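Colleague: sequence plus the predicted model coming up.
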Amino acid sequence: MMKLRILVLVLLAVLLAACESVPYAQRLQQRQQAYSAAAGAPVRSFRLVLGEQIYSWEPLSETQLVIYTLPSKAYLLDVWPCNNLTFTNFIGLTSFASEVQTGFDKVLTGRPYIPCMIKQIRPIDLARFKLEKEGQRHIDSVPRHDAGNAPASSSSAR
């Protein structure tokens, strides 16, 4: 019985490894490329608009994330490697007078982890990003072969 449990656990582990998210890694790499293509020249700092709050954020890797200060304003941040960046549910930013600066401010990912120093900030042209994102989308369409099984029209209904 013990051998059967071990065999089942090994098979489950193999199945999970086979399902490992290669498509997820590809999607993440595509998003990272799209954000990088839409990012402008590096700037020294940016302001947090809604007081000390971040509107939204998205991790792209252990060294890169996108910060939205408003729905229409985003920045690509390059940081020193951040251990927990892709797994954390929340982040924080240090700032002085609501201004986040390269070389001084950090990304905070949780209590036991060391804050990550911001190396570079680049504003993102969101209109260009949307065009890049749309260019990556494609739909695989396959014609239906069961045309004879289509529902009958209701023209003969009384």
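Modeller: Happy to help now that I have it.

Colleague: residues near the closest residue to Thr69 other than its chain neighbours, how many?
Modeller: Distances taken as C-beta to C-beta, 6 or more residues apart in numbering place Val49 nearest to Thr69, at 4.9 Å, with adjacent residues excluded. C-beta coordinates here come from the backbone N, C-alpha and C atoms, glycine included. If you count neighbours by other C-beta atoms under 10 Å, Val49 ends up with 13.

Colleague: next: Leu85.
Modeller: Residues lying near Leu85 (other C-beta under 10 Å) number 22.

Colleague: would you say it is within a strand?
Modeller: No: using DSSP: H, G, I helix; E, B strand; the rest coil, the secondary structure at Leu85 is coil, not a strand.

Colleague: for Asp78, see how far away it is.
Modeller: In this view, Leu85 and Asp78 are 12 Å apart by C-beta to C-beta, to the nearest Å.

Colleague: shared neighbours of those two, which are they?
Modeller: Counting by C-beta atoms under 8 Å, 6 or more residues apart in numbering, the common neighbours of Leu85 and Asp78 are Thr63.

Colleague: Glu99 reaches Arg47, doesn't it?
Modeller: Yes: under the criterion of C-beta atoms under 8 Å, Glu99 makes contact with Arg47 at 5.3 Å.

Colleague: could you pull out the helices for the protein?
Modeller: 2-18, 22-38, 126-136 (DSSP state H).

Colleague: looking at the ones you listed, which has the lowest confidence?
Modeller: Between the helices of the chain, the one with the least mean pLDDT is helix 2-18; it has a mean of 67.

Colleague: that older thread, doesn't Ser72 make contact with the residue nearest to Thr69?
Modeller: No: in this structure Val49 lies outside contact range of Ser72 using C-beta under 8 Å: 10.3 Å.

Colleague: pLDDT below threshold where in this protein?
Modeller: Counting by pLDDT under 70, the chain shows low-confidence ranges at 1, 7-22, 50-52, 132-141, 146-158.
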